[in-house]
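> Any chance you could fold what I've pasted below:
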Amino acid sequence: MNREEREDEGRRAIEQIGTCVVDSAIRVHSALGPGLLESTYETCLTYELRTAGHSVDCQVTVPIEYREIRIDAGYRLDLLIDRLVIVENKAAERLLPIHAAQLLTYLRLTKLKLGFLINWNVPLLRDGLHRYVNGL
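Down below sits the predicted model:
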């Protein structure tokens, strides 16, 4: 398999994970609705994704590297699925530009390609589900 074929296969894997994230998030939101804590949605989404066969790491520390120093400042990814896709959960009245900036920064720092910002505190999840890409 050449480099181009491996990259295509990698993109397909990332897209399959993304589809599973969306389907799982809709399933969780349909069952629970808005108004709960982020941690509740995170636990339920983790359950759904693991049930679908994905590995899910929760509250993953993201160090910052600046020149010759490494800063372990407590930045954490909410969910890291199959070490390829990031999910950031919010239960806010509305998302702010800083929430998207945070996810985009995490994608850049981890060199990952796909992330989702989910605001669970909406009547219809499609209004709270946002997909971000880094270099795709």
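> mind listing what's buried in the helix or strand containing E9?
If you go by DSSP states H and E, E9 is part of helix 3-32. By neighbour count on 16 or more other CB atoms under 10 Å, the buried set for helix 3-32 is 14, 17-18, 20-22, 24-25, 27-29. C-beta: built from backbone N, CA, C; applies to glycine.
> could these be laid out in JSON lines, adding pLDDT and distance to G128?
Shown next, in JSON lines, are the buried residues of helix 3-32 (pLDDT from 0 to 100; distance: CB to CB, whole Å):
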{"residue": "I14", "pLDDT": "94", "distance to G128": "22"}
{"residue": "I17", "pLDDT": "98", "distance to G128": "19"}
{"residue": "G18", "pLDDT": "97", "distance to G128": "16"}
{"residue": "C20", "pLDDT": "98", "distance to G128": "18"}
{"residue": "V21", "pLDDT": "98", "distance to G128": "13"}
{"residue": "V22", "pLDDT": "98", "distance to G128": "12"}
{"residue": "S24", "pLDDT": "98", "distance to G128": "14"}
{"residue": "A25", "pLDDT": "98", "distance to G128": "9"}
{"residue": "R27", "pLDDT": "98", "distance to G128": "14"}
{"residue": "V28", "pLDDT": "98", "distance to G128": "12"}
{"residue": "H29", "pLDDT": "98", "distance to G128": "8"}
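> Run through the neighbouring helices and strands of the helix holding E9.
Under the contact definition 3 or more CB pairs under 8 Å, 6 or more residues apart in numbering; DSSP states H and E, helix 3-32 sits against helix 38-51, strand 76-81, strand 85-90, strand 114-119, strand 129-133.
> The same query, at a cut-off of 6 Å, please.
Here helix 3-32 touches helix 38-51, strand 114-119, going by 3 or more CB pairs under 6 Å, 6 or more residues apart in numbering; DSSP states H and E.
> and L129, how many neighbours?
For L129, the count of nearby residues is 18 (other CB atoms under 10 Å).
> Test for you: state the pLDDT assigned to it.
Looking at L129, its pLDDT reads 97.
> likewise T40?
At T40, the predicted lDDT confidence score is 98.
> In contact with the most centrally placed residue in the chain, which residues?
The residue lying closest to the centre of the chain (CA atoms, centre = their mean) is V87, at 1.3 Å. Residues counted as contacts of V87 (CB atoms under 6 Å, 6 or more residues apart in numbering) are 78-79, 116.
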